[in-house]
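Trainee: Output the structure for:
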Amino acid sequence: MQIGDLVQSLQRNWRRVVAITPVANQETVYNFTVDLNHDNFVGDVGFLVHNAGGCGCGPQNPLEGLPWVGSALKNNLYHGFPALLDQFAAFATPTTLPSGATLYQIPGSLNGMDGRYEWITDKGNLTHRFFCKGGSINGIPIVP
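Mentor: Below is the predicted model:
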């Protein structure tokens, strides 16, 4: 984890890491799986964390290893969000588009704006990465 990373709370709100403070005391930690899932909410606020490693039996990221092409390469406010967020596509709602491509959508926020993240995969490529301000899960690319 680094300053600037985004973490999700139990209430499904995204929060940015603003500081990391080492502590001198030791705490017992556990690496565990719940129903094949390595993601858990922890702490008083309930932040979503992912156990490193694991059994490879949890949700698979549909974007992993795909080359970026087309609008996925754009680097502006709504297309250029941190690649770290692409890991959440494993939890996104998939929709098959009329072209046969697959749209993935998940709620989130970007720089204090609520909306959704979306990705489109087509023919073995990641063709679209976009944050839709004010968007909801609707199965339609770009349209809020």
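Trainee: Which of the three states applies to the residue sitting nearest the centre point of the chain?
Mentor: Among the residues of the chain, residue 88 comes closest to the average C-alpha position under CA atoms, centre = their mean, at 2.5 Å. Here residue 88 is helix, with the state taken from DSSP: H, G, I helix; E, B strand; the rest coil.
Trainee: For residue 85, grab phi and psi.
Mentor: phi -70, psi -20 (degrees, to the nearest 10).
Trainee: centre of the chain versus stretch 127-143, how much separation?
Mentor: 14 Å (CA atoms, centre = their mean, to the nearest Å).
Trainee: So which bits of that stretch are buried?
Mentor: By neighbour count on 16 or more other CB atoms under 10 Å, the buried set for stretch 127-143 is 127, 128, 129, 130, 131, 132, 135, 141. Quick note: C-beta positions are derived from backbone N, CA and C, even for glycine.
Trainee: Mark which of these are part of helices, please.
Mentor: The members of the buried residues of stretch 127-143 all map outside helices under DSSP state H.
Trainee: Quick one: end-to-end distance for stretch 95-114.
Mentor: Length of stretch 95-114, first residue to last, CA to CA, to the nearest Å: 21 Å.
Trainee: number of nearby residues for the residue lying closest to residue 101 once chain neighbours are set aside?
Mentor: Nearest-residue entry for residue 101: residue 122, 3.7 Å, with adjacent residues in sequence omitted and distances by CB to CB, 6 or more residues apart in numbering. Other residues lying near residue 122 total 17 when counted by other CB atoms under 10 Å.
Trainee: Would you check that residue 122 makes contact with residue 104?
Mentor: No: Residue 122 lies out of contact with residue 104 (CB atoms under 8 Å); the separation is 11.8 Å.
Trainee: re earlier: show the backbone phi and psi for the residue nearest to residue 101.
Mentor: According to degrees, to the nearest 10, residue 122 has phi -150, psi 130.
Trainee: Same question for residue 76.
Mentor: The phi/psi pair for residue 76 (degrees, to the nearest 10) is phi -120, psi -170.
Trainee: And for residue 140?
Mentor: Dihedral angles for residue 140 - degrees, to the nearest 10 - are phi -120, psi 120.
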